[in-house]
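Trainee: predicted model and sequence follow; I will ask about them next.
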Amino acid sequence: MAPSADNSQPWKFKIHPNSSVIDIHLDENLLSNFCDVGLFAPYISAGAVIENISVAAAEERCQIRTEYLPDKQNPFWIARMHLSAARQEGPHPHAQALERRQTNRKFYKKGSGIAPEKFAALNKIIESQGPCKLFWIEKSDPNFKALAEIIGQADQLRFEIKRLHRELFRMMRFGAGEAERSRDGLDFRTMEAGPGGKMIFKGISSWARIAILNKLGMSRLFNVYARQQILSSSAVGILVSKTKQPADPIRGGEIMERLWHEMTVQGLALQPMEGLPIFLSDLEVTGGADLSGPQRDQLRGLEKRFYEISGVLREQAIILLFRAGHAGPVRTRSLRRPVESFIEESQ
């Protein structure tokens, strides 16, 4: 049930027979996309998996001890989890959130702010965790609109780069049958694109077509749409880890999922705005190899403005950039592959 970029679910679990040990690996066959460069996003996703296992284990009166294992020699071996019996008094506070947690891409209720006690509950989740820090930029903040503009421009870029366009539509599932058969990727219905949205997205599924339309301003529509999504929200949150060592994004993914669970319990909607963090990570790892010169210059400008207004330090790593607020329920959930497809028996 954990989130992953484009719902690729790039995980494998090795269960050691006659023991209580589970190894978590990344599936190298599912790590070829732009967002997988440097493995930062897959590490975050694997961390969310660890958090989900910990919550589920508590419901079975088990506790988890986790060894974080990735290194340069074996970057795909994420962690080893040791299960042991534990005494659990009452249900885990996030147990019901495991299946209720979701990405909500709707426009949020503009007049509905987040109550101070809800901010306090969310901040408490982070304050008890050493590796991460949480920044809030609320609608009343003078930098809120500037951040919306930065996020909008980053989303516009996503539709102006051939590789990202190809990868997005490779993972898009346009019908219930297609989504059910694959049980991965982005079910179009979760995009909350409204009437006519499906026709528009199918119309731009051809790179040759959207390249022409972009010259007429098509990609700017995605800029406006993302910006309006932010402006409909009560706040933007930025969860960061203190360093960029391999274990930090994994631990950050755990804390991200814990935060997301708590937001679910608090009745708050969340949507990751992943475009900007993925671009910034790619700039650091590849220097923007898939971008044109003007696109790299534009992104460097967005990067500079982001660090100036957000409070985030360059040595920190962005785990999750998200918008938060109140919204109606999501009607369609992303599917997951059957658990058997992830499991490898250890010999």
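Mentor: In hand now; what should we look at? Numbering: from 1, shown residues only.
Trainee: from one end of stretch 166-180 to the other, what's the distance?
Mentor: 22 Å (CA to CA, to the nearest Å).
Trainee: list the buried ones in that stretch?
Mentor: E167, L168, F169, M171, M172, R173, F174, A179 (16 or more other CB atoms under 10 Å). To be clear about C-beta, it is placed using only N, CA and C from the backbone, and glycine gets the same treatment.
Trainee: does S205 really touch M172, like I thought?
Mentor: Yes: counting by CB atoms under 8 Å, M172 is a contact partner of S205 at 7.5 Å.
Trainee: report the contact partners of W260.
Mentor: P3, A97, R101, L270 (CB atoms under 8 Å, 6 or more residues apart in numbering).
Trainee: for those, which one is nearest A120?
Mentor: L270 (17.2 Å; CB to CB).
Trainee: state the distance from the closest one to R158.
Mentor: Plainly put, L270 is 20 Å away from R158 if you go by CB to CB, to the nearest Å.
Trainee: picking that back up, and the contacts of W260 as JSON lines, adding secondary structure?
Mentor: As requested, the contacts of W260 are exported to JSON lines (DSSP: H, G, I helix; E, B strand; the rest coil):
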{"residue": "P3", "secondary structure": "coil"}
{"residue": "A97", "secondary structure": "helix"}
{"residue": "R101", "secondary structure": "coil"}
{"residue": "L270", "secondary structure": "strand"}
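Trainee: need the max-distance pair from the residues you listed.
Mentor: P3 and A97 (12.7 Å).
Trainee: quick check: closest non-adjacent residue to E67.
Mentor: Among residues not flanking E67 along the chain, R80 sits closest, at 4.5 Å (CB to CB, 6 or more residues apart in numbering).
Trainee: pLDDT weak spots in this protein?
Mentor: 346-347 (pLDDT under 70).
Trainee: what residue lies at the spatial centre of it?
Mentor: P272 (5.4 Å; CA atoms, centre = their mean).
Trainee: does that one touch R105 like I think?
Mentor: No: applying CB under 8 Å, one finds P272 not in contact with R105, separated by 9.7 Å.
Trainee: check contacts around E308.
Mentor: E308 neighbours (CB under 8 Å, 6+ apart): none.
Trainee: please apply the same query to the one 10 residues further on.
Mentor: Each residue near I318 by CB under 8 Å, 6+ apart is listed here: I238, L239, V240, P277, L280, S281, V312.
Trainee: wait, the last one touches I238, no?
Mentor: Yes: in terms of CB under 8 Å, V312 counts as a neighbour of I238; the distance is 5.9 Å.
Trainee: who's more crowded, those two?
Mentor: I238 (22 against 19; other CB atoms under 10 Å).
Trainee: quick one: secondary structure of the more buried one?
Mentor: Strictly by three-state DSSP, I238 counts as strand.
Trainee: which residue sits closest to it in space, ignoring its chain neighbours?
Mentor: F135 (4.3 Å).
Trainee: about what we covered before: shared neighbours, V312 and I238?
Mentor: F135, I318.
Trainee: re the thing from before, just give the number of residues close to the residue nearest to E67.
Mentor: By other CB under 10 Å, the residues close to R80 number 16.
Trainee: check contacts around it.
Mentor: Contacts of R80 by CB under 8 Å, 6+ apart are V21, I22, D23, I24, T66, E67, L69.
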